[in-house]
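**Q** coordinates only, sequence not included:
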């Protein structure tokens, strides 16, 4: 008796081989069902995975279109002071946004916001926002703070009034209230600049007189320690005096040309009249650095907000985290006219990043302004001296070129992130195809039986 192949009625692939007249879509459905691809348990896992992937994608892709300038307002305490504080909201991506404004922090009960919701259209580059600060009769000496929080609502909320989970992003506008200490008191910071090409490391030490009276004698010494906590050098800054409420910068220079590359720690001791203040900071001697590749200002009119685009590249073998740019503009007499900085950025190894910083030029006149650009990251600062040629219809920056980045997309997403996302999608697609082919082969091999 000849053997005849009998199609397995429970196996859809066998149905196709036997010439079943079912249409192709039904056969594919049954194939998926027999392979378990339509199993509710598998569906839940697949749906959960897709949701997690989309959330992960949106965490990177949903970049805030908002910025504020200035980012911080500092007020000297006066009992019962009532002050209107204004700042500018910058719609940097120029799209329709809704913004909810609220206060949080220690001083939130003293901040009164007249308009808690604002809307900005795509053609609105900026909008001025104000609130009233009403201080109490007493506050303890020192620094007191609050944050004015701006929550950017997604476009679908503006259109439908419905909020999607995790879609809102926020930026902060800070308010600092400083209450002077009785008598004399000093606070200090430290910036580490370099090493420069000649191996010099400069310690810049801003000292603030936070008391009521003048600090007549302020001195500073800087001790440098290796990673093994061995003291390798001590350098000194010149003596200065600082009036009450004033500020001065002390500077000390260390020749690091002969030391081994690696991490170091600087401990500065500031001796002032009746007291002592200490500040510590870690820094790197070596090649870990951001390279300034260019800086430019486009579409500018004097009196408006200037948007500085600062292109940097990470020449280190690891990601540099929390990097930001700070620009200090000086008046003709050498005093600080303006200080503004960018948000923080994580710059991947061998990648480029465009940092954005905003300068409100209201009240600025045409002319040449000396300025300093600081790239600050991981305990160090690289300084670049620039000249800003401010004209009615533009700002020319002398001292830095501008290179169009092939590594940064117009949406602000780095090339490395785009490659990662595309690779992840390709891997997922290949995994699904491989899984389907494996199951198809497995079931096609077991779906034929014989009879006599």
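**A** Looks like it arrived, so ask away. Here the structure is a predicted model, which means the values were calculated and not measured. Numbers count the residues shown, from 1 in each chain.

**Q** Just list the residues touching the closest residue to residue 225 other than its chain neighbours, thanks.
**A** What sits nearest to residue 225 in space, not counting adjacent residues and going by C-beta to C-beta, 6 or more residues apart in numbering, is residue 265, at 4.6 Å. Placement of C-beta: from N, CA and C, glycine included. For residue 265, the contact set (C-beta atoms under 8 Å, 6 or more residues apart in numbering) comprises 224-225, 229, 280-283.

**Q** For residue 265, list each beta-bridge partner.
**A** Taking DSSP bridges as the rule, residue 265 bridges to residue 225, residue 282.

**Q** Can you give me the pLDDT of it?
**A** pLDDT for residue 265: 93.

**Q** And residue 285, by the same measure?
**A** Looking at residue 285, the pLDDT reads 84.

**Q** are any of the contacts of residue 265 buried, and which?
**A** The neighbour-count criterion (16 or more other C-beta atoms under 10 Å) marks 224-225, 281, 283 among these as buried.

**Q** and which of the residues you listed is nearest to residue 85?
**A** Taking C-beta to C-beta as the measure, residue 85 sits nearest to residue 281 out of these, at 31.4 Å.

**Q** separation between the closest one and residue 189?
**A** With distances taken as C-beta to C-beta, to the nearest Å, residue 281 is found 9 Å from residue 189.

**Q** how about the nearest residue to residue 394, chain neighbours excluded?
**A** residue 300 (5.4 Å).

**Q** Please read the previous query as pertaining to residue 271.
**A** That would be residue 219: by C-beta to C-beta, 6+ apart, it lies 4.9 Å from residue 271.

**Q** quick one, helices of the stretch 301-450 of the chain?
**A** 415-445 (DSSP state H, counting those that start in this stretch).

**Q** how about the strands in it?
**A** 305-314, 320-330, 336-341, 345-347, 352-360, 367-377, 380-391, 394-398, 448-451 (DSSP state E, counting those that start in this stretch).

**Q** Any idea which of those gets closest to residue 133?
**A** Among those, strand 352-360 sits nearest to residue 133 (C-beta to C-beta), with 19.4 Å.

**Q** Give me the sheet partners of the closest one and which way each runs.
**A** strand 305-314 (antiparallel).

**Q** Now do stretch 338-354, average pLDDT.
**A** Stretch 338-354 comes out at a mean pLDDT of 88.

**Q** returning to what we had before: adding distance to residue 332, write the buried ones among the contacts of residue 265 out as CSV.
**A** Listed next are the buried ones among the contacts of residue 265 as CSV, based on distance: C-beta to C-beta, whole Å:
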residue, distance to residue 332
224, 37
225, 41
281, 32
283, 33
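
**Q** which among the residues you listed gets closest to residue 256?
**A** residue 224 (8.2 Å).

**Q** where's residue 326 relative to residue 214, distance?
**A** Residue 326 sits 29 Å away from residue 214, going by C-beta to C-beta.

**Q** how about the helices of the stretch 151-300 of the chain, start to end?
**A** Going by DSSP H, counting those that start in this stretch, the stretch 151-300 of the chain shows helices at 155-160.

**Q** Okay, strands next: where are they in the stretch 51-200 of the chain?
**A** Taking DSSP E, counting those that start in this stretch to define them, one finds strands in the stretch 51-200 of the chain at 66-69, 72-76, 82-91, 97-104, 111-112, 117-120, 126-134, 142-153, 169-179, 186-188, 191-193, 200-209.

**Q** To residue 384, which of those lies closest?
**A** When these are compared for distance to residue 384 using C-beta to C-beta, the nearest one is strand 191-193, at 10.5 Å.

**Q** about what we covered before: which one of the strands of the stretch 51-200 of the chain lies closest to residue 338?
**A** Closest of the strands of the stretch 51-200 of the chain to residue 338 is strand 66-69, at 10.5 Å (criterion: C-beta to C-beta).

**Q** What strands line up against that closest one, and which way round?
**A** strand 82-91 (antiparallel).

**Q** Next, the angle from the strand it pairs with to strand 97-104.
**A** Note on geometry: by axes from the mean of the first three to the mean of the last three C-alpha atoms, to 10 degrees, strand 82-91 and strand 97-104 are set 150 degrees apart in direction.

**Q** how big is the angle separating strand 82-91 from strand 142-153?
**A** Using the same axes, to 10 degrees, the direction of strand 82-91 lies 40 degrees away from that of strand 142-153.

**Q** beta partners of residue 192?
**A** Beta-bridge partners of residue 192, as defined by DSSP bridges: residue 203.

**Q** Please apply the same query to residue 387.
**A** Beta-bridge partners of residue 387, as defined by DSSP bridges: residue 370, residue 398.

**Q** That one contacts residue 395, doesn't it?
**A** No: Residue 387 lies out of contact with residue 395 (C-beta atoms under 8 Å); the separation is 10.6 Å.

**Q** which one of the two has more residues nearby?
**A** Per other C-beta atoms under 10 Å, whichever of residue 387 and residue 395 has more neighbours is residue 395, with 20 against 13.

**Q** shaky segments in the stretch 101-250 of the chain?
**A** 154-170 (pLDDT under 70).

**Q** sorry, back to before: ok, so what distance separates the residue nearest to residue 225 from residue 131?
**A** The value you get for residue 265 to residue 131, if C-beta to C-beta is used, is 41 Å.

**Q** same check, this time on residue 68
**A** For residue 68, the distance to residue 131 - C-beta to C-beta - is 12 Å.

**Q** who touches residue 191 in this structure?
**A** By C-beta under 8 Å, 6+ apart, the contact set of residue 191 is 203-206, 374, 376, 381.

**Q** got it, and residue 80?
**A** 135-137.

**Q** let's see it at 6 Å
**A** residue 137 (C-beta atoms under 6 Å, 6 or more residues apart in numbering).

**Q** Now do it, the pLDDT please.
**A** pLDDT, residue 80: 94.
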